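Asker: sequence and predicted structure, then a few things I'm wondering about:
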Amino acid sequence: MIFEFATAGRILFGLGKAAMLPSLASDLGQRALVVLGGAERGRDGLTAGLAEVGIASVVVAVSGEPTTHQVDEATQLARDERCDLVIAQGGGSVLDAGKAVAALLGNPGEVLDYLELVGKGQPLQQPGVPFLAVPTTAGTGTEVTRNAVLDVPEHRVKASLRSPYLLARLAVIDPELTVSMPPKITAFTGMDALTQLIEPFVSNAANPITDGICREGLARAARSLARAFEDGSDLSAREDMALAALCGGIALANARLGAVHGFAGVLGGATGHPHGAICARLLPIVMETNLCAITQRGDPAILDRFAEVARTLTGDPEAEALDGVAWVRARCEDFQIPGLGEAGLSSDDCDWIIPIAQRASSMKGNPVALTDAELCAILEEAL
C-alpha cells in the first residue's frame, strides 16, 4: 500500500469562526490582496477588520468562473501593491482565483506557464505567499485542495493549475456564511460535494485515510442535503453540508475522482453551465454505468463499496448498490436538476467531447476504464 496525504496547513471549522479572520491573518502578512465574489459581499467588514489589526488591503472581485486573464490581472495588481498575503472569501471560483494568485506571487511569469492541458505545464518552483481560504458555499472543498480550476476562454476548456504549493496556509470554514445561499445554489453545490465523496470512495486510488473521511462526509450529506435545500436557515444542516464539502475536498485531493468530473471540466469549459449542475446530472448515470462495467470486467470488490454508499445514503442496512443510484436520482428530481440539453449540448457533441474527456486526469481515477461507447451513452442520457 502506497499513498500520500496532504491538506491545508491549518483548518478552523465552526459557527462564527469567520469573525476571527483578521486576527488570524495578522500573523501571516501586512498587505493583503482580498479576493471576493462579484457582489463583493462582506467587503466592508473584512477590510475594516484587517485595518484594525494593521493589515492594508486591496480588493479584486471575481464574477463567474475565474479565467486565466483575470488571474494574471489580479497577480499583477498584487505585485504592484507588494502584497504578501492573499485572502479569498467566496464560492469555489473565488477561492480558486485567490489560490492561483497566491501561488504566482512566489513564482515568475503568468499562469499559462504553469497550467496543465493547454499551458506549458511547468512545475511551480517556489512556495507562494500565504493563502487564507474562506468558503461561503458548501460544495467544491477547494479550500483544502492543491489545484485551482481556471477557465481558458480561447480554448473553451477548464484546466487545472496543480501543485502542493497551492495548499492554503489556513482554511476557515464557517457554516453561517452558507445560510444565505438560495435553494438552487444549495442543490448544485451540495450535489457537487456528494459527488466528491462518492467518486474518491470508489476510485482506483482510494486509501484508508480518505475512506474514513468519505464515510463521515457521506453520512452527513445523506441526512442533511435535502434539509439544507428545503430550509436554508437550518444551521444544523448547513453545518453538516459544510463539513461534507470539507471532507470531499480532502478526499479528492488525496484520492482521485472519476468519470463525472472527467466530463465536468470539459462540459463546463465549453458551455459555461454550472459545475454542480453538471455533476448532479451525470452522477446517477455514471454510477449505474460503472456498476454495469465493473460487473462485466472490473474488480468485484468495488461493488461492495457501491453497496456501502447505498446503505449510507438510504439508511437501509439491506440496501444494494442500485439503491444508491435510485437515491441520487430521487434527489436530482427533488432539486429539479436540468438536463444537459439546456446547456446547448446534443448527441452530435459526443465526437469532440469524448476524446478530451478520456484524457482528463479525473477520468483516470474512475474505478473501471469506460469505453468511448459507454461515455457517449452517458452523455446522451444526460441531455
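Answerer: Cool, the structure landed.
Asker: how close does the residue nearest to residue 230 when sequence neighbours are not counted sit to residue 189?
Answerer: Counting by Cβ to Cβ, 6 or more residues apart in numbering, residue 183 is the residue found nearest to residue 230 once chain neighbours are left out, at 7.6 Å. C-beta coordinates here come from the backbone N, C-alpha and C atoms, glycine included. Counting by Cβ to Cβ, to the nearest Å, the gap between residue 183 and residue 189 amounts to 11 Å.
Asker: can you pick out the residue with more neighbours from those two?
Answerer: When residue 183 is set against residue 189 and neighbours are counted by other Cβ atoms under 10 Å, the residue ahead is residue 189, at 28 against 14.
Asker: quick check: buried residues in the host helix or strand of the more buried one?
Answerer: Using DSSP states H and E, the element containing residue 189 is helix 183-202. Residues of helix 183-202 classed as buried by neighbour count (16 or more other Cβ atoms under 10 Å): 185-202.
Asker: ok, the residue nearest to residue 230 touching residue 226?
Answerer: No. Under the contact definition of Cβ atoms under 8 Å, residue 183 does not touch residue 226, with a separation of 10.6 Å.
Asker: now the helices for the chain?
Answerer: Assigned by DSSP state H, the chain shows helices spanning 21-25, 43-52, 68-80, 92-104, 183-202, 208-230, 235-254, 259-271, 275-297, 300-314, 321-334, 350-359, 372-382.
Asker: output the contacting helices and strands for the first one.
Answerer: I take that to be helix 21-25. With contacts taken as 3 or more Cβ pairs under 8 Å, 6 or more residues apart in numbering; DSSP states H and E, helix 21-25 sits against helix 43-52, strand 85-90, strand 131-135, strand 170-173.
Asker: what's the spacing between it and its chain's center?
Answerer: Averaging C-alpha positions (Cα atoms, centre = their mean, to the nearest Å) puts helix 21-25 24 Å from its chain's average.
Asker: and the fifth one, by the same measure?
Answerer: When distances are taken as Cα atoms, centre = their mean, helix 183-202 is centred 9 Å away from the chain's centroid.
Asker: quick check: which ranges of this structure have low pLDDT?
Answerer: Filtered on pLDDT under 70, the chain yields no residues whatsoever.
Asker: about what we covered before: kindly reformat the helices and strands packed on helix 21-25 as CSV and extend each row with mean neighbour count.
Answerer: Converted to CSV, those look like this (neighbours: other Cβ atoms under 10 Å):
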stretch, mean neighbour count
helix 43-52, 16
strand 85-90, 28
strand 131-135, 29
strand 170-173, 25
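Asker: nearest residue to the middle of the chain?
Answerer: For the chain, residue 140 is the residue whose C-alpha lies nearest the centre (Cα atoms, centre = their mean; 2.4 Å).
Asker: pretty sure that one contacts residue 246?
Answerer: No. With contact defined as Cβ under 8 Å, residue 140 and residue 246 do not form a contacting pair (10.3 Å).
Asker: quick one on the thing from earlier: among the helices and strands packed on helix 21-25, which is nearest residue 326?
Answerer: Taking Cβ to Cβ as the criterion, residue 326 comes closest to strand 131-135 out of the helices and strands packed on helix 21-25, the separation being 30.3 Å.
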